[in-house]
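In: what follows is a predicted protein model with its sequence.
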Amino acid sequence: MNKLIYLIIFFTIIISIFFIPILSAINIENLEIYEESQIIFLGNKNYAWPIPGYTTLSSPFGKRKAPTTGASTFHKGIDIPAPEGTKLIATCNGTITFTGFLGGGGYTITLTSLDGIKISYCHVSPNYIVEVGDNIWQGQIIGHVGPKYVYNVSGNIYSDPSNGKPTNGATTGCHLHLGFRVNNNYVNPIDYLQ
């Protein structure tokens, strides 16, 4: 009987020393991984598609006709239309380096990859589920597609010309604008996703 008690005490100590600190170091509250079987790779396993289930582009990288006032004629990313609230996943492992309202990009999350590429998710929901400094895993849900209209945003100069309502940056509807910056120069995200 004494051996059994000593054995229970021994295993309790081992579990307390080795396993409880590991569990408390993981922020389980924010670690929601998208179902792995539904994550899309266009070829490069280092970068996953940011919105599983939505693969149509409404505006590719490069020269274009500006779709709305304030939008550029050289598109510095790709636009992927999706309904408001659609989950956005981390394309790669990295760290959140920005969350906030960013002019024409509206509400934005920036994920900096382990190799220094800055990946901006623009026109997202202002109800952030990540914070600056969070370490992120590829496939982790980091946000949601935002609404077209946002209110009470200091300095927001963008609005819908048809009704005057303030928009989530320079946008005509709900979508994700995904931008990749290498050494602070915008590059075509498709070149990294393929």
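Out: Done, it's in. Numbers count the residues shown, from 1 in each chain.

In: let me see the contact set for residue 84.
Out: Under the criterion of CB atoms under 8 Å, 6 or more residues apart in numbering, the neighbours of residue 84 are 125, 144, 145, 146, 147, 148, 174. Yep, even glycine has a C-beta here, placed from its N, CA and C like the rest.

In: looking at the chain, which helix or strand does the model trust least?
Out: None of the helices or strands of the chain scores lower by mean pLDDT, DSSP states H and E than helix 20-25, at a mean of 40.

In: in the chain, which spans are strands?
Out: 62-63, 74-75, 78-81, 87-89, 94-101, 107-113, 118-122, 135-136, 141-144, 175-182, 185-187 (DSSP state E).

In: residue 154: which of those strands is closest?
Out: strand 94-101 (8.1 Å; CB to CB).

In: partner strands of that closest one, parallel or antiparallel?
Out: Strand 94-101 has these partner strands in its sheet, going by DSSP bridges: strand 107-113 (antiparallel), strand 135-136 (antiparallel).

In: out of the ones you listed, deepest packed?
Out: With neighbours defined as mean count of other CB atoms under 10 Å, the strands paired with strand 94-101 peak in mean count at strand 107-113, which reaches a mean of 23.

In: and the angle for that strand with strand 175-182?
Out: Angular relation of strand 107-113 and strand 175-182 on a 0 to 180 degree scale: 40 degrees, by axes from the mean of the first three to the mean of the last three CA atoms, to 10 degrees.

In: low-confidence ranges, the chain, go.
Out: 1-2, 4-37, 64-74 (pLDDT under 70).

In: make a markdown table out of the strands paired with strand 94-101 and add distance to residue 186.
Out: Formatted as a markdown table, the strands paired with strand 94-101 follow (distance: least, CB to CB, whole Å):
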| stretch | distance to residue 186 |
| --- | --- |
| strand 107-113 | 13 |
| strand 135-136 | 21 |
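
In: between the ones you listed, which gets nearest to residue 159?
Out: Between those, strand 107-113 lies closest to residue 159; by CB to CB that is 15.5 Å.

In: and the angle from the closest one to strand 118-122?
Out: 160 degrees.

In: could you dump strand 107-113 to PDB, C-alpha only?
Out: Extracted in PDB, the C-alpha atoms of strand 107-113 (Å, rounded to 0.1, in the frame of the first residue of the first chain):
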ATOM      1  CA  TYR A 107      -8.900  47.500 -40.700                       C
ATOM      2  CA  THR A 108      -5.700  45.600 -41.100                       C
ATOM      3  CA  ILE A 109      -3.700  42.700 -39.600                       C
ATOM      4  CA  THR A 110      -0.100  42.300 -40.500                       C
ATOM      5  CA  LEU A 111       1.700  39.000 -40.000                       C
ATOM      6  CA  THR A 112       5.400  39.000 -40.400                       C
ATOM      7  CA  SER A 113       6.800  35.600 -41.500                       C
END
